[in-house]
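Engineer: Kindly generate the corresponding structure for this input.
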Amino acid sequence: MLKPRDVSTHCALCGRSFARFPSDEEHIFPKWLQRHHNLWTRRLNIPNFTGKRYDTVKLRICQRCNNRTFGAIETRLAPLLTSNDPFSSVDQLDDEELALWLGKIFWLLIRKSQAAIDFRTRDLPEPDRIIPNDIMPGTLYLGMIERAFAMKKGMVACYAGDPAIPRYFYDVPYSLYRFRIDERDKRFEAFDFFDNPITLGVGLRTGTLGVICLFDGGLHRRFLSQTWDFLGGHALHPIQFAEVAATMFYDGTVLHDDATRVTYFWNPELNAVVSQVHTRRNFNPYLADRHDPARLAAFIGRHTFSDPNKILMPDGHTFTSLHDKDRNFMRFAVTDEEVQAALADPDQIVLGPMDADWRSKPNSGDGG
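Structural biologist: The predicted structure is shown next:
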């Protein structure tokens, strides 16, 4: 089990002591990414860093991780993610590199958040952290993935009762989805980032590419990926991409408790950590009786700049921008002609205008 060390004295990725290994304070969001999207003075809208400028979000890590282990991934990713068509550029790229890179950013944000005192509790006898101490244990699964890679090891996932046959029963410890992004709507910038430390989900949009990764032992990919088959071959508007991410993050809140419990084993032949969830592979751990329409609306509302009260329908369903009443993909209306056609369609609901400040309003978050 990973035991996080003080990030002021040890590397958050590999755990090495700064007293023994050279280190630098590094931008959590790489400089090449900030340069490409001109993010330097822009502000984050994720719950644990609302209002912080991208260029101020830094953390000290060892030079070995920064320049060699993870630096090699960034060297390969940088030209692909900053190309004119990132979606096509990463077509031949393995999911693992995208997952490790996104996971690195996410994990460093978590560690920096957990190291900082929440100013709202600074006057209490025991001030809490930006990411509260009681949430931190649930994030260690991601930390294990990043630590294993930093130490030149692997990590795989399996289910309770699985025999130790790697070829058939071990798989990657995450669920990763890629989407093509529709860039026609110039009201939206070409970059966005959102995360959820509670359900261990992260999403990034850069140009034509949208990536969502859930560090969940592959549960979502196995049991819910078919839910999104109707999106195949379609380009998503930024709002649609945000809705997909919000819904996937929400899915983590309805899991059976045993699906959130993990036992770790070491497999020397694979040179890898084996993470075993406490549910069996033939048991769907996403429980219908844990579904909460209001909570789902809060998730979607926060990520799509919408008031949850306006997207929660009287029958308990949530408004969706993704499909029509027959669950066929619905292209997001952007041009005047498309908007007028949507308004004239009795089967469509048109909401607006978008509330761009909704993410940063008190009590608008999805961490409940």
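Engineer: Surely Gln276 is within a strand?
Structural biologist: Yes. Checked against DSSP: H, G, I helix; E, B strand; the rest coil, Gln276 lies within a strand.
Engineer: For beta bridges, what are the partners of it?
Structural biologist: Per DSSP bridges, the residues bridged to Gln276 are Cys158, Thr263.
Engineer: For the residue nearest the centre of the chain, report the pLDDT, please.
Structural biologist: The centroid of the chain falls nearest to Val202 when counting by CA atoms, centre = their mean (0.7 Å). For Val202, the model assigns a pLDDT of 97.
Engineer: Please tell me how far the helix or strand hosting it is from the chain's geometric centre.
Structural biologist: Using DSSP states H and E, Val202 sits within strand 201-206. Distance of strand 201-206 from its chain centroid, counting by CA atoms, centre = their mean, to the nearest Å, is 5 Å.
Engineer: after that strand, next one along is what?
Structural biologist: strand 209-214.
Engineer: Within its sheet, name the partner strands of that following strand and how each one runs.
Structural biologist: Going by DSSP bridges, the partners of strand 209-214 are strand 175-181 (antiparallel), strand 201-206 (antiparallel).
Engineer: residues near Ile212, how many?
Structural biologist: 25 (other CB atoms under 10 Å). C-betas here are computed from N, CA, C, even on glycine.
Engineer: Show me what it bridges to in the sheet.
Structural biologist: Bridge pairing for Ile212 - DSSP bridges - gives Tyr177, Gly203.
Engineer: Relative to Gly138, how far out is it?
Structural biologist: 19 Å (CB to CB, to the nearest Å).
Engineer: next one: Leu204
Structural biologist: Counting by CB to CB, the gap from Leu204 to Gly138 is 21 Å.
Engineer: quick one, which of these two is more surrounded?
Structural biologist: A side-by-side neighbour count of Leu204 and Gly138, using other CB under 10 Å, places Leu204 first with 23 against 15.
Engineer: Now for that one: which residues touch it?
Structural biologist: Leu102, Ile105, Asp192, Phe193, Gly210, Val211 (CB atoms under 8 Å, 6 or more residues apart in numbering).
Engineer: redo that, cut-off 10 Å
Structural biologist: 29, 33, 81, 98, 101-102, 105-106, 191-195, 210-213, 245 (CB atoms under 10 Å, 6 or more residues apart in numbering).
Engineer: Show me what the top helix by length along the chain is packed up against.
Structural biologist: Secondary structure of the chain per DSSP state H: the longest helix is helix 95-115. Helix 95-115 is packed against strand 23-27, strand 58-62, helix 70-81, helix 136-150, strand 175-181, strand 191-196, strand 201-206, strand 209-214, with contacts defined by 3 or more CB pairs under 10 Å, 6 or more residues apart in numbering; DSSP states H and E.
Engineer: Reformat the ones you listed as a markdown table; add distance to Asn282.
Structural biologist: Output for the helices and strands packed on helix 95-115, formatted as a markdown table (distance: least, CB to CB, whole Å):
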| stretch | distance to Asn282 |
| --- | --- |
| strand 23-27 | 44 |
| strand 58-62 | 41 |
| helix 70-81 | 35 |
| helix 136-150 | 22 |
| strand 175-181 | 18 |
| strand 191-196 | 28 |
| strand 201-206 | 24 |
| strand 209-214 | 20 |
